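> Using only what follows, build the 3D model:
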Amino acid sequence: MYEERRYRNMFKGVNLKFFDVCVKETDLRIGADRELYKEAYDLVLKCRKDIEEYIANHRNFLESLEPIDCSSDAPEIIRRMCEAAKKAGVGPMAAVAGAVSEYVGVGLLKLCNEVIVENGGDIFMKSDVSRKVGVYAGKSILSEKIDLEITPDKTPLGICTSSGTVGHSLSFGKADAVVILSKDAFLSDAVATATGNVVKDKHHIEKGIEFASSIEGVDGVLIIVGDSLGAWGDIKLVKL
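The predicted structure is shown next:
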């Protein structure tokens with residue numbers, strides 16, 4: 001059943017052309033400084049082929065909730081998913097949305113100067129101007145009230161979100177939003193999931209920040225639970 005992705009209205013770029021690319025479970029909103037639908041579609045097919053074929057021969061890659069080693073001949077996207085998952089202490093599929101975002105974004109940057117790839121709340125961004133990304137946190141009173149301001153010098157950047165109260169992704173926590181910033185979108189996604197698992201209520205916000213900030217490669221953390229939030233690192237919050 002289709003679920004409206006309201007948060008997609010929370011990032012815009014007046015100088016970018018936006019289009020959607022959907023292949024099976026993959027549903028991307030892409031903004032680039034030129035029309036690149038066909039190129040983006042081909043990149044989605046390629047990375048999905050690598051992931052699907054690997055899963056067909058390594059079922060534990062799909063099912064494991066803990067880090068695993070990949071085979072020596074694994075494609076790069078599989079290897080990087082496993083590396084990110086190992087740093088975060090989760091299964092490799094916890095990094096899949098960020099992985100697809102970065103894979104497609106990096107591929108498109110061979111053809112354009114600026115790109116935003118959003119995949120279920122997980123974003124890869126390369127921008128030549130400052131941009132604001134809204135934070136959707138479900139029923140929290142802080143939802144859609146806060147922007148992340150991203151300056152060009154911080155990009156390329158992964159901005160990935162996990163929630164225990166929004167969407168269908170597996171989370172063992174109750175955070176309304178955990179947002180992780182990292183140069184590595186694979187890592188952003190994996191750490192967002194792992195941090196979300198740590199946060200059971202607002203009293204665990206500090207514990208979640210302590211966990212996420214201890215992982216090398218994490219640049220910024222934002223956690224929202226109900227009417228409470230905590231932030232750490234190279235992250236600038238502004239009111240919507």
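> mind showing which ranges of the chain have poor pLDDT?
Low-confidence regions of the chain, defined here as pLDDT under 70, cover residues 1-14, 165-172.
> Would you state the strands of it in chain order?
Along the chain, the stretches classed as strands by DSSP state E are 17-23, 26-32, 115-119, 122-126, 131-134, 146-150, 157-162, 177-182, 218-225, 228-233, 237-239.
> What residues sit buried inside the fifth one?
For strand 131-134, burial by neighbour count (16 or more other CB atoms under 10 Å) applies to 131-134. All C-beta spots, glycine's among them, are computed from the backbone N, C-alpha and C.
> Dump these to CSV, plus distance to Glu53.
Conversion of those to CSV gives the following (distance: CB to CB, whole Å):
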residue, distance to Glu53
Arg131, 35
Lys132, 38
Val133, 33
Gly134, 36
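> Going by distance to Ala56, which of those wins?
Val133 (35.3 Å; CB to CB).
> now the helix ranked longest in the chain, how far from the centre of its chain.
What stands out as the longest helix in the chain, according to DSSP state H, is helix 37-57. Distance of helix 37-57 from the chain centroid (CA atoms, centre = their mean, to the nearest Å) equals 18 Å.
> which helices and strands sit right next to it?
Contacting helix 37-57 under the criterion 3 or more CB pairs under 8 Å, 6 or more residues apart in numbering; DSSP states H and E are the following elements: strand 17-23, strand 26-32, helix 59-63, helix 76-88, helix 96-108.
> which residue sits closest to Asn15, ignoring its sequence neighbours?
Of all residues beyond its chain neighbours, the one nearest Asn15 is Asp33 (6.5 Å), with distances taken as CB to CB, 6 or more residues apart in numbering.
> Kindly apply the preceding question to Glu66 instead.
Spatial nearest neighbour of Glu66, excluding adjacent residues (CB to CB, 6+ apart): Gly91 at 5.9 Å.
> picking that back up, any chance of TSV for the strands of the chain, columns distance to Lys38?
Written out in TSV, the entries for the strands of the chain read as follows (distance: least, CB to CB, whole Å):
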stretch	distance to Lys38
strand 17-23	10
strand 26-32	12
strand 115-119	15
strand 122-126	19
strand 131-134	25
strand 146-150	28
strand 157-162	25
strand 177-182	30
strand 218-225	33
strand 228-233	38
strand 237-239	36
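> and of those strands, who's closest to Leu65?
Each of the strands of the chain has some distance to Leu65 by CB to CB; the shortest is strand 157-162, at 14.1 Å.
> and the closest one, C-alpha only, in CSV?
C-alpha atoms of strand 157-162 as CSV (Å, rounded to 0.1, in the frame of the first residue of the first chain):
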residue,chain,number,x,y,z
LEU,A,157,27.2,14.6,3.1
GLY,A,158,24.9,11.8,4.2
ILE,A,159,21.9,12.9,6.3
CYS,A,160,20.1,9.8,7.5
THR,A,161,17.1,9.4,9.8
SER,A,162,15.7,6.5,11.8
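> and it, which strands flank it?
Using DSSP bridges, the strands paired with strand 157-162 in its sheet are strand 122-126 (antiparallel), strand 177-182 (antiparallel).
> Pick the most deeply packed of those.
Using mean count of other CB atoms under 10 Å, the stretch among the strands paired with strand 157-162 with the largest mean neighbour count is strand 177-182, at a mean of 29.
> got the CA positions of that one in PDB?
Taking only C-alpha atoms (Å, rounded to 0.1, in the frame of the first residue of the first chain), the coordinates of strand 177-182 have been written out as PDB:
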ATOM      1  CA  ALA A 177      13.700  10.900  14.900                       C
ATOM      2  CA  VAL A 178      17.400  10.100  15.100                       C
ATOM      3  CA  VAL A 179      19.400  12.100  12.500                       C
ATOM      4  CA  ILE A 180      23.000  11.300  11.800                       C
ATOM      5  CA  LEU A 181      25.300  13.400   9.700                       C
ATOM      6  CA  SER A 182      28.400  11.800   8.100                       C
END
